[in-house]
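Asks: one predicted model, sequence on top.
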Amino acid sequence: MPKSLISIHDFTKEEILHILDVAREFEQNKSQRILQDKVVATLFFEPSTRTRLSFETAANRLGARVIGFSDAGNTSVSKGETLKDTIKMVSNYVDIIVMRHPLEGSARYASEVASVPVINAGDGANQHPSQTLLDLYTIRQTQGRLDNININMVGDLKYGRTVHSLLQAMSHFSPKFTFTAPSELKMPQEYKDFLDKKNIPYTERLELDKGIAETDILYMTRVQQERFSDPMEYEKVKNVYSLTASMLDNAKPNMKILHPLPRVTEISQDVDDTPYAYYFKQAENGVYVRMAIIAYLLGYK
Amino acid sequence: MENTIKKLKVSAIENGTVLDHIPANQLFKVINILNLTDCRNQVTFGTNLESKLLGKKAIIKIADRYFADDEINKITLVAPQAKINVIKNFEVVEKRILTVPSEITGIAKCSNPKCITNHQPVPTRFATVADGGHLKLQCHFCEKMTDAENVVILAKN
């Protein structure tokens, strides 16, 4: 079975650092057409514009050709084809598969059926490892290191898969966490137990404005209305977790705001013009990191 | 001999396997796990029997049948305290010790409704995780935990 990237746990700390180094090389030299004779499949059984465009840009910048679909609606999946059959077939056409699927565990299963490497571009609420790697890349880029970073995670910490994967990946690098979330969306106990076991300190907060002064990385996420049983609670929380430029007066000079995007109301537009806003650059970094993942799994870097 | 038989709620077998100390509410799961519905041997069982250990217990006796370790260990999922006695000529000749297998395949249903195994013909696969005194199953695919105590056993085709 070729090496795939399904979960952030599939990569050791050394592999993570290697991917980040390769990504930096790609950022410095954006077009390296080392995969000119390769074909990359992007199979998006569920739409995701940003992730798909990012992977396809990465493949194109490496000189590879891209085939695939952005919606399972007009494929044989709608005729009842199993995931196994789709993957078996596509494996015979291409050199590597990038897949997003609404069912959890689908990517792991695909990697066991496929004869080529599989990159998980999101399997339901489970894993989205390329997002985690681009978050790590961006943290290192803005802070000059990964060790001893003070990360303040804000918003939906209960269901947000990006914060859970980032927490686990950062645990290699002695971080300090602040979890800022409404009581309905607090960081689940299993992740706090995980940190306790590793002796990684964390504080939990309800208010966003108080914790900003000591933060290096302010990791914002979207609070989704459908997560709340009480709509009144949502209305209250919605504004509390809306970051505005005036809240950043006490921020450290090195502080950067990250967000997996898309954002709605949680970061006000006036923040975009502050030196702290980094989320668009973060999204750009995704291309270099995905170039590094593709090149690494195909044995080129 | 006669005295013993009178006391037994489920009659003795001459040769075979006795599964004792099964929690009463897990009896049919054990039957499913061991695929006894398709078994041609004489199978007798009793349930809601008094038990000091479990309150209500169940017992299964299967005549002329002996189980391999990896087969019988699967029942630790739902009956971790079960006692397995091998019977020859009405006598217990061996008491088997159950051990929790590190991996469980194709028996248990993943409790995550969004897991691939609940939507496509994918055999389930779990790693067993001891969480204090509780056994949990971590899905190999979706990575979610299923409590062994409430696990749903998949029907065999």
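Replies: Done, it's in. The shown structure was predicted, so the numbers you read here are calculated from the model rather than taken from an experiment.

Asks: for stretch A:247-262, which outside residues touch it?
Replies: A:50, A:131, A:135, A:138-139, A:142-143, A:162, A:208-209, A:212-222, A:243, A:266-267, A:271, A:274, A:276-279, A:282-283 (CB atoms under 8 Å, 6 or more residues apart in numbering or on different chains). C-betas here are computed from N, CA, C, even on glycine.

Asks: filter those residues down to the ones in helices?
Replies: The helices in this structure, assigned by DSSP state H, contain A:Arg50, A:Gln131, A:Asp135, A:Thr138, A:Ile139, A:Thr142, A:Gln143, A:Thr162, A:Tyr279, A:Gln282, A:Ala283 from the contacts of stretch A:247-262.

Asks: what sits against the third one?
Replies: Going back to what we said before, that points to A:Asp135. Applying CB under 8 Å, 6+ apart, one finds that A:Asp135 lies in contact with A:Thr162, A:Leu166, A:Ala169, A:Tyr219, A:Leu258, A:Pro260, A:Gln282.

Asks: looking at these, which one is closest to B:Gln120?
Replies: Taking CB to CB as the measure, B:Gln120 lies nearest A:Thr162 of the contacts of A:Asp135, at 25.9 Å.

Asks: tell me, how many neighbours does the closest residue to B:Arg65 other than its chain neighbours end up with?
Replies: Distances taken as CB to CB, 6 or more residues apart in numbering or on different chains place B:Asn41 nearest to B:Arg65, at 5.0 Å, with adjacent residues excluded. Using other CB atoms under 10 Å in any protein chain shown, B:Asn41 has 13 other residues around it.

Asks: what do you get for A:Leu206?
Replies: Look at A:Leu206: counted by other CB under 10 Å, it has 14 neighbours.

Asks: now A:Glu14
Replies: Summarising burial for A:Glu14: neighbours were counted as other CB under 10 Å, giving 9.

Asks: cool, and the one 5 residues further on?
Replies: Neighbouring residues of A:Ile19 were enumerated by other CB under 10 Å; the total is 25.

Asks: quick one, what contacts residue 39?
Replies: Went with chain A since none was named. With CB under 8 Å, 6+ apart as the criterion, the residues that contact A:Val39 are A:Ala64, A:Arg65, A:Val66, A:Ile67, A:Tyr93, A:Val94, A:Asp95.

Asks: actually chain B
Replies: Contacts of B:Cys39 were listed using CB under 8 Å, 6+ apart, and they are B:Ile62, B:Arg65.

Asks: what about the helix or strand where B:Ile59 lies, average pLDDT?
Replies: Taking DSSP states H and E as the criterion, B:Ile59 maps to strand B:55-63. Strand B:55-63 shows a mean pLDDT of 94 in the predicted model.

Asks: can you check stretch A:136-150 too?
Replies: The predicted confidence, averaged over stretch A:136-150, sits at 98.

Asks: what residues does the stretch 1-150 of chain A put near chain B?
Replies: Proximity of the stretch 1-150 of chain A to chain B, by CB under 8 Å from any CB of the partner chain, involves residues A:7, A:82-84, A:101-106, A:108-109, A:123-127.

Asks: one step back: next step: the contacts of A:Asp135 restricted to strands.
Replies: By the criterion of DSSP state E, membership of the contacts of A:Asp135 in strands covers A:Tyr219, A:Leu258.
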